[in-house]
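Enquirer: Sharing a sequence plus its predicted fold:
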Amino acid sequence: MARAAPGTALRLRPADGRAGWPGQRLAPRSGSGRETGERSVPGRTPRWGLRASCHRRTPGVQLGGFCPETVPLLGLALVGKVVTVQVSVMQIQLWDTAGQERFRKSMVQHYYRNVHAVVFVYDMTNLASFHSLPSWIEECKQHLLANDIPRILVGNKCDLRSAIQVPTDLAQKFADTHSMPLFETSAKNPNDNDHVEAIFMTLAHKLKSHKPLMLSQPPDHDEIHIKPEPKPITSCWC
Ligand SMILES: Nc1nc2c(ncn2[C@@H]2O[C@H](COP(=O)(O)OP(=O)(O)OP(=O)(O)O)[C@@H](O)[C@H]2O)c(=O)[nH]1
């Protein structure tokens, strides 16, 4: 979602693969025909765990698993996911960008085109990542993302309790100031997988109510049926 701040941009596209989506151009096809892939684009301070959250680089995987990635992302990672929101089906593309500045410059314009939502991700064990959030919000503004598109704030690595540098009340205050729900989670802790998924389901709900980009096709597989919208929490799920 602007790179979720650091982070991830979400685009919705019809499941029938109609033209006009950047991901079509960029993403290799998986066996199922769903798109997953990666390409270069902007990012944030590296090593915040966004990739692990998005379970990138593995076509067809579910959101929420942990990828013990140790190599910095050099470009853009794209994860496709089909979700069912109430009676609607939508395909979500999560665009994870490189954390390193030098990989961001050339792709930044493309990256912000047709973004429908933003997940701002910071590393709870890295205060600098939290402090850079305003610059990511500003970057979204500069690229003309509408102020009212769905945005959420995610603190990752809450499993590293003894290393936490960003207290929940500080993050909550920031989230309130910017009218975003706050989630604190761990991409690593297997018990948190559902919670990571719940975060994206919250976003799906927000997207549904924000823009009726629902699909008419029934899903074939790899779908999530969701119930009432998960509530953001302000405490660690570990
Ligand atoms: N303990 C713990 N480690 C995590 C978690 N999420 C990610 N990591 C680790 O943090 C490192 C960075 O994770 P990535 O997902 O690659 O981070 P990134 O923000 O995408 O980094 P770039 O690819 O450089 O943009 C990896 O070694 C992950 O294994 C988490 O929730 N808990």
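Expert: In hand now; what should we look at?
Enquirer: going forward, measure contacts and count neighbours with C-alpha atoms only.
Expert: Will do.
Enquirer: Can you give me the distance of Gln93 to the ligand?
Expert: Separation of Gln93 from the ligand (C-alpha to the nearest ligand atom, to the nearest Å) stands at 16 Å.
Enquirer: can you check Pro181 too?
Expert: In this view, Pro181 and the ligand are 19 Å apart by C-alpha to the nearest ligand atom.
Enquirer: ok, now which ones touch that residue?
Expert: Contact partners of Pro181, counting by C-alpha atoms under 8 Å, 6 or more residues apart in numbering, are Arg151, Ile152, Leu153, Ala175, Pro232.
Enquirer: Can you tell me the SS state at the third one?
Expert: So the one you mean is Leu153. The three-state label given to Leu153 by DSSP: H, G, I helix; E, B strand; the rest coil is strand.
Enquirer: sec struct for Glu197, please.
Expert: With three-state DSSP as the criterion, Glu197 reads helix.
Enquirer: picking that back up, I'd like the contacts of Pro181 laid out as a markdown table, including neighbour count, pLDDT and distance to the ligand.
Expert: Formatted as a markdown table, these follow (neighbours: other C-alpha atoms under 10 Å; pLDDT from 0 to 100; distance: C-alpha to the nearest ligand atom, whole Å):
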| residue | neighbour count | pLDDT | distance to the ligand |
| --- | --- | --- | --- |
| Arg151 | 28 | 90 | 18 |
| Ile152 | 26 | 91 | 16 |
| Leu153 | 29 | 94 | 14 |
| Ala175 | 18 | 96 | 20 |
| Pro232 | 17 | 60 | 18 |
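Enquirer: now those in a markdown table, with distance to Leu160?
Expert: A markdown table is the format used below for these (distance: C-alpha to C-alpha, whole Å):
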| residue | distance to Leu160 |
| --- | --- |
| Arg151 | 25 |
| Ile152 | 22 |
| Leu153 | 18 |
| Ala175 | 21 |
| Pro232 | 20 |
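Enquirer: quick check, nearest of the residues you listed to Lys188?
Expert: Of all the contacts of Pro181, Leu153 has the smallest distance to Lys188: 18.0 Å, by C-alpha to C-alpha.
Enquirer: Surely that closest one and Ser179 touch.
Expert: No - look at Leu153 against Ser179 with C-alpha atoms under 8 Å: they stay out of range, at 9.6 Å.
Enquirer: Would you mind confirming that Asn189 makes contact with Leu160?
Expert: No - contact criterion C-alpha under 8 Å: Asn189 and Leu160 do not qualify, at 9.8 Å.
Enquirer: who's more crowded, these two?
Expert: Taking neighbours as other C-alpha atoms under 10 Å, Asn189 and Leu160 compare with Asn189 leading, 17 against 14.
Enquirer: where's the more buried one relative to the ligand, distance?
Expert: Counting by C-alpha to the nearest ligand atom, the separation of Asn189 from the ligand is 7 Å.
Enquirer: Once you drop chain neighbours, what's closest to that residue?
Expert: With C-alpha to C-alpha, 6 or more residues apart in numbering as the criterion, Asn189 has its nearest non-adjacent residue at 6.6 Å, and that residue is Asp159.
Enquirer: Which pLDDT value does the model give that neighbour?
Expert: At Asp159, the pLDDT value in this model is 92.
Enquirer: for the one 5 residues further on, same thing?
Expert: Per-residue confidence for Ile164 comes out at a pLDDT of 97.
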